[in-house]
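Undergrad: After the sequence you'll find the predicted model.
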Amino acid sequence: MTPDSPIVKNNPKHIAFIMDGNNRWAKSKGFSPRVGYQHGAEAAKLVINACVDQAIPYVTLFAFSSENWVRPPGEIKSLMALFLTVLNRGEIQQLHNNNVRLLFIGKRGNFSEKIQLGMKHAEDLTKHNVGTTVIVAADYGGRWDLVNSTLEICNKIHSKELSAEQINEAMINKHTSLGGFPDPDLCIRTGGECRLSNFLLWHFAYTEFYFTDCFWPDFNKSELKLALDDYAHRQRRFGGQNKTFRLGN
C-alpha cells in the first residue's frame, strides 16, 4: 500500500466496473480504436492497483461482453491481440506479487486456445493469493449467466442431485458466475452512458450505481476517489424503510 493512499472509511467491499468509452476516447484524439483499447488496458491496471491500495476485497471488470462479437472484424482482432498480450506480459506476475487473485467469468470456449491457456495460467498462478480478488468478465452476458445457472440446476434435478423443492434464490445465486462472491456494492460506469448493458443482472439488485462522463482511458485514482466519496454518502435501504443508513456516518 502506498503511503499517499489512506484507506477510505466505509469503502465498498465489491466494486464492478463497466469500462466504457475507449473508442470514443480514441476518436476524440484522432487515434485508432486499437490505441483506445491499449490505453484502456493501462487504466484497468491503474484502477486495480488503486483498489488494492484501498483494500477493496473484490473488483469485477467488464472486459468483453457477449454482444461485442458483432463489432468489426478488425476491432475484434485488435482486442484479442491485446487480451493475449496482457495475459502474457509482466502484469500478471505483478498482480501475483501484490497478492491479487485473478479469475475469469464468461464463455471461454469462444476465445482462442492461447487466450484460454493464458486465463488458466493466470488463475493457477494466483489461486492461493488472499488479497484483492479481481474478476474479469470476458464474453460475459447477464442473460447468459441466468440461463446457464438454470441449465445447471435442471441438469442436477435430472440426475437426482437436487429436487425442484430446493430451488430458491440462494440456489440460483450459487450457480451463477459470481455465486461464491458477495454482490457488488457499487458499479461504476464510465463514458457517460446510463445503462447496465446486460452486465451482472442478477447481482445488481441492490447495487449502488455511479455514472461518469469520464472515458475509461482517462479514469484514474482521482476519478475513483470521487466515486468512493459519492458512495460513502449514499443511503442504502435494501428494500426496507427502517434499515436506512448513511454510509458516511
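TA: Great, that's in hand.
Undergrad: Break down the protein into its strands, ranges please.
TA: Taking DSSP state E to define them, one finds strands in the chain at 14-18, 58-65, 101-105, 133-140, 186-189, 208-211, 235-236, 245-246.
Undergrad: Show me the longest helix that occurs in this protein.
TA: In the chain, ranked by residue count with DSSP state H as the criterion, the top helix is helix 33-53.
Undergrad: ok now it, how far from the chain's centre?
TA: On the basis of CA atoms, centre = their mean, to the nearest Å, helix 33-53 sits 13 Å off its chain's mean C-alpha point.
Undergrad: elements contacting that helix?
TA: Counting by 3 or more CB pairs under 8 Å, 6 or more residues apart in numbering; DSSP states H and E, the packing neighbours recorded for helix 33-53 are strand 14-18, helix 22-28, strand 58-65, helix 73-88, helix 221-232. C-beta: built from backbone N, CA, C; applies to glycine.
Undergrad: closest one to residue 162 among the strands of the chain?
TA: Of all these, it is strand 101-105 that lies closest to residue 162, at 22.3 Å by CB to CB.
Undergrad: relative orientation of that closest one and helix 33-53 in degrees?
TA: For strand 101-105 against helix 33-53, the angle between stretch directions is 130 degrees (axes from the mean of the first three to the mean of the last three CA atoms, to 10 degrees).
Undergrad: Paired strands for strand 101-105, with orientation please.
TA: In the sheet containing strand 101-105, the strands it pairs with under DSSP bridges are strand 133-140 (parallel).
Undergrad: Would you mark the buried spots in stretch 129-141?
TA: When burial is assessed from 16 or more other CB atoms under 10 Å, stretch 129-141 yields the following buried residues: 129, 131, 132, 133, 134, 135, 136, 137, 138, 139, 140, 141.
Undergrad: CA atoms only for it, dumped as PDB, please.
TA: What follows is stretch 129-141, C-alpha atoms only, in PDB (Å, rounded to 0.1, in the frame of the first residue of the first chain):
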ATOM      1  CA  ASN A 129      -3.400 -15.300  -3.000                       C
ATOM      2  CA  VAL A 130      -5.600 -13.700  -0.300                       C
ATOM      3  CA  GLY A 131      -5.500 -10.000  -1.200                       C
ATOM      4  CA  THR A 132      -7.900  -8.400  -3.600                       C
ATOM      5  CA  THR A 133      -9.800 -10.700  -5.900                       C
ATOM      6  CA  VAL A 134     -10.000  -9.400  -9.500                       C
ATOM      7  CA  ILE A 135     -12.800 -11.000 -11.600                       C
ATOM      8  CA  VAL A 136     -12.600 -10.300 -15.300                       C
ATOM      9  CA  ALA A 137     -15.900 -10.800 -17.200                       C
ATOM     10  CA  ALA A 138     -14.900 -11.900 -20.800                       C
ATOM     11  CA  ASP A 139     -17.500 -13.000 -23.300                       C
ATOM     12  CA  TYR A 140     -20.000 -12.500 -20.500                       C
ATOM     13  CA  GLY A 141     -23.700 -11.600 -20.600                       C
END
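Undergrad: now it, how far from the centre of its chain.
TA: Offset of stretch 129-141 from its chain centre (CA atoms, centre = their mean): 6 Å.
Undergrad: Before I go, just wanted to say thanks for your time.
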